[in-house]
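Enquirer: Need coordinates for the below:
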Amino acid sequence: MQVILEHLYVNRELHHVIFESICEKYDLTITEIMILLLLDHEQIDTAKDIAMRFKIAKSHLSTSIRNLEDKGYIYGEYVGKDHRTIHLHLCENASEVVNESSKTYHNFFNVLVKGFDEDEKVQALNYLQRMIENANAFLNE
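Expert: Prediction:
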């Protein structure tokens, strides 16, 4: 059981160390980088969905979104006649930071699975996905 707690703290520190140079280079927070990666790789494009995915307060998220808009990395638009929800999109200006962040994210994963064969890597990802689903189910009860 202790390994789970250790895993949480070690991963948080590793995540910080690996992403620190990108955060400094682009003057972004880790949350802002994760938002860019999420918009690039997932089918999520609203602040509400991002907040639910990251389990962060909308107020914290809105600050990050505003910073990304101010830096020209994202923009929001209404889709159709529904003006209650703003859909977020990446700007061309974000491509460099997104590409570099994607490479760094893969580096993070490779550090975690160093010495794993391909089957073990797939298995580890499957276990992590199931753990996330279990945690989300518990939190949403």
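Enquirer: What is the burial count for the closest residue to Gly72 other than its chain neighbours?
Expert: Setting aside the residues directly before and after it, Gly72 is nearest to Asn93 in space (Cβ to Cβ, 6 or more residues apart in numbering), at 4.5 Å. Every C-beta, even on glycine, is put in place using the N, C-alpha and C of the backbone. Burial measure for Asn93: 13 neighbouring residues, criterion other Cβ atoms under 10 Å.
Enquirer: Could you verify that Asn93 is part of a strand?
Expert: No: assessed with DSSP: H, G, I helix; E, B strand; the rest coil, Asn93 is helix; it does not lie in a strand.
Enquirer: I'd say it and Ile74 touch.
Expert: No: Asn93 lies out of contact with Ile74 (Cβ atoms under 8 Å); the separation is 9.2 Å.
Enquirer: Name the helix or strand for the most centrally placed residue in the chain, please.
Expert: In the chain, the residue lying closest to the centroid (Cα atoms, centre = their mean) is Met34, at 2.9 Å. For Met34, the host element (DSSP states H and E) is helix 30-41.
Enquirer: Go through that helix and flag the buried ones.
Expert: Under the neighbour-count criterion of 16 or more other Cβ atoms under 10 Å, helix 30-41 has Ile30, Thr31, Glu32, Ile33, Met34, Ile35, Leu36, Leu37, Leu38, Leu39 buried.
Enquirer: Which of those sits closest to Leu14?
Expert: Ile30 (11.8 Å; Cβ to Cβ).
Enquirer: Which helix or strand contains Leu128?
Expert: helix 118-139.
Enquirer: other SSEs contacting the longest helix along the chain?
Expert: In the chain, with assignment by DSSP state H, the single longest helix is helix 2-26. Contacts defined by 3 or more Cβ pairs under 8 Å, 6 or more residues apart in numbering; DSSP states H and E place helix 2-26 against helix 30-41, helix 95-112.
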